[in-house]
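[1] Provide a 3D model corresponding to the input given below.
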Amino acid sequence: MPLITSAGIGSGLDLESIISASVSAERTPKLKSLTKKEESLKVELSAIGEVKSAVSKLKDTLSKLADIDNFGKRTATIKQPSSGNIISATPTSDISVGSFKVAVKQLAQGSRAVTADGAFTDSSAVVSASGGTLSFAAGSDKSFDLTVTAGMTLAELRDAINSSDSNFGVTANIINTGGTAGSKLVLTSNVTGSGNDLVITSDTAELDAIETYDATDNPDGGMTIATDDVAQDAIITIDGLEVNSSSNTFTDAVQDMTIKALEVSEEDAGVYETAKLTIDYDKESVTKLVDDLIANYNNLIGNIGFQTRIGKPLNGDASMRSLSDQLISTLSTALTDAGPFESIFDIGIGVKKDGYLEKSSLVRSLNDSMDEYFDDIGAAFAGDNGVATKMEALLANYVDSDGLIKKRETDLNERIKDVGDDKINLDVRMKDLEASLRKKYAGLDVLLAQMQQTQAYLGAQLANLPGFTKSKS
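    Residues are numbered from 1 along each chain as shown. As a prediction, the model looks like this:
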């Protein structure tokens, strides 16, 4: 039997339309049902995702409110003198609030050594003909050695010092005086603090000019450290009490705070200008956390309300009602060990009729609470029975990896995948149906074509019989 590539080509009947209509009649209602189900699941998944996002934002804020360290921060406010900024300060959470007057009498510095007049004519002068070793030290634990090669020039020595991998902080420069003093090697140490002057020794008399000596005892014409160039401590006064530090950073000069000296205070007749340093609770960061709590709580409540409206995908959803009820219940938790606060609403937060939070002064304002009972606010949120601690645990039951919302998302995604599989299976079944219909109609097409051929043959034979005449139309 010849292959028929298009149904009806043999018989002339429109079998393609019949097959197409048959397949469409079978496919369309089922595909429509699957598509509607898929769209419904995706809309529900999107709604759940919106609620989950709102829950996660609120949970992030609650995790900060549940951390007692966020209520222990302190701020340092500095009113600098008119001459400029003389100090900076960094308090820890353990410091007591208070204010101090701070003056800077002296900044810490490292020592500076200079070679003697005429020791070197210029930068190309040879330091040592045969070479040797220079040893550098400052303080009790800073030192390094440097090998001076035979014929090394002053410029080469400078470069060798600056590029030494073991150099602890000595910087070398050359100043060309242009006169009889010649070229001077200047060595500056970054090791600050009284008694930490740079000390340079050598193992050969050829390098005496590079060794350091007392400014009043320099028999061999070595390097000297002038009175103004010796290493010195930083000195500040705190409420009139003098404090020394080997660096410009004062740790625990005021207990649990670091003060850094920036500039020397201006002096008038022995009186130094002071900066007023005030340490207070970090009320601004706590206020922001409370503002974030109100905003993110209201966002979640509004999201739940929107998604559960009539006609919305979560209308009548029991889990959304449960979440909303639990939020209100947890927010109303009775507090313990939180000073005068019996509930979170006593610190300056209120609930409106529509369930949204707001700042309130019905009992006391938030500012009043922070001014009078700052530490108790931390207990109200982050204590063992704190509201933030309990609410964070509540929301974790919904959005953590094994939470209710997460499980629901997983279930919806699996159901959407199942619908996608059903669509694929439907396509396979429709292809099988089409193939089956083509097979059936192919036989009919061939039979009809043969019958038409037989009819044409018989008609031709009859027309050739004697006496046979065609009827006139």
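[2] As a check, name the ranges of all helices in this protein.
    With DSSP state H as the criterion, the chain has helices at 15-65, 154-163, 283-307, 318-331, 366-382, 387-399, 404-463.
[3] residues of the second one that come out buried?
    Right, the one you point to is helix 154-163. Buried residues in helix 154-163, counted by 16 or more other CB atoms under 10 Å: 154-158, 160-161. All C-beta atoms are positioned from the backbone trio N, CA, C, and that covers glycine.
[4] repeat for stretch 382-398
    382-383, 386-392, 394-396, 398.
[5] In this structure, where is pLDDT below threshold?
    1-14, 214-220, 441-453, 455-457, 459-461, 463, 467-473 (pLDDT under 70).
[6] farthest pair in the buried residues of stretch 382-398?
    Greatest spacing in the buried residues of stretch 382-398, by CB to CB: Gly383 and Tyr398 (23.0 Å).
[7] Strands of the stretch 51-200 of the chain, start to end?
    74-79, 87-91, 98-106, 110-114, 126-128, 132-138, 142-148, 152-153, 170-176, 183-192, 198-202 (DSSP state E, counting those that start in this stretch).
[8] okay, the angle between the first one and strand 98-106?
    Taking axes from the mean of the first three to the mean of the last three CA atoms, to 10 degrees, strand 74-79 and strand 98-106 form an angle of 60 degrees between their directions.
[9] so how far is strand 74-79 from its chain's centroid?
    Mean-position distance between strand 74-79 and its chain equals 26 Å (CA atoms, centre = their mean, to the nearest Å).
[10] So in that sheet, which strands flank it, and in what orientation?
    With DSSP bridges as the test, strand 74-79 is paired with strand 275-281 (antiparallel).
[11] outside of the strand it pairs with, which residues touch it?
    Strand 275-281 has contacts (CB atoms under 8 Å, 6 or more residues apart in numbering) with 73-81, 86-87, 89, 91, 95-103, 257, 259, 370, 374.
[12] ok, back up a step: got JSON lines for the buried residues of stretch 382-398, with distance to Ser20 too?
    As requested, the buried residues of stretch 382-398 are exported to JSON lines (distance: CB to CB, whole Å):
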{"residue": "Ala382", "distance to Ser20": "70"}
{"residue": "Gly383", "distance to Ser20": "73"}
{"residue": "Gly386", "distance to Ser20": "69"}
{"residue": "Val387", "distance to Ser20": "66"}
{"residue": "Ala388", "distance to Ser20": "65"}
{"residue": "Thr389", "distance to Ser20": "66"}
{"residue": "Lys390", "distance to Ser20": "64"}
{"residue": "Met391", "distance to Ser20": "60"}
{"residue": "Glu392", "distance to Ser20": "60"}
{"residue": "Leu394", "distance to Ser20": "57"}
{"residue": "Leu395", "distance to Ser20": "55"}
{"residue": "Ala396", "distance to Ser20": "56"}
{"residue": "Tyr398", "distance to Ser20": "50"}
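[13] one step back: return the members of the contacts of strand 275-281 classed as buried.
    Using 16+ other CB under 10 Å as the burial test, the contacts of strand 275-281 include 74, 76, 78, 80-81, 86-87, 89, 91, 95, 100, 102-103, 257, 259, 370, 374 as buried.
[14] Domain parsing of this structure, as residue ranges.
    1-73+283-451, 74-108+233-281, 110-229 (automatic domain parsing).
[15] could I get the ones you listed as TSV with distance to Leu458?
    As requested, these are exported to TSV (distance: least, CB to CB, whole Å):
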stretch	distance to Leu458
domain 1-73+283-451	11
domain 74-108+233-281	111
domain 110-229	114
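[16] Nearest approach to Pro466 belongs to which of the ones you listed?
    Between Pro466 and those, the tightest spacing by CB to CB is seen for domain 1-73+283-451, at 27.3 Å.
[17] Off-centre distance for that closest one?
    26 Å.
[18] Point out the most buried one among the strands of the stretch 51-200 of the chain.
    Comparing these by mean neighbour count (mean count of other CB atoms under 10 Å), strand 110-114 ranks first with a mean of 22.
[19] Could you check the angle that strand makes with strand 170-176?
    40 degrees.
[20] Name the surrounding residues that touch strand 110-114.
    Counting by CB under 8 Å, 6+ apart, 138, 169, 184-192, 196-198, 200, 212, 223-226, 229-231 sit against strand 110-114.
[21] from what I can see Lys73 touches Asp282, true?
    Yes: assessed by CB atoms under 8 Å, Lys73 is found in contact with Asp282 at 3.7 Å.
[22] picking that back up, would you mind giving the strands of the stretch 51-200 of the chain as JSON lines with distance to Asp239 added?
    Formatted as JSON lines, the strands of the stretch 51-200 of the chain follow (distance: least, CB to CB, whole Å):
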{"stretch": "strand 74-79", "distance to Asp239": "15"}
{"stretch": "strand 87-91", "distance to Asp239": "13"}
{"stretch": "strand 98-106", "distance to Asp239": "6"}
{"stretch": "strand 110-114", "distance to Asp239": "29"}
{"stretch": "strand 126-128", "distance to Asp239": "52"}
{"stretch": "strand 132-138", "distance to Asp239": "33"}
{"stretch": "strand 142-148", "distance to Asp239": "34"}
{"stretch": "strand 152-153", "distance to Asp239": "54"}
{"stretch": "strand 170-176", "distance to Asp239": "37"}
{"stretch": "strand 183-192", "distance to Asp239": "25"}
{"stretch": "strand 198-202", "distance to Asp239": "35"}
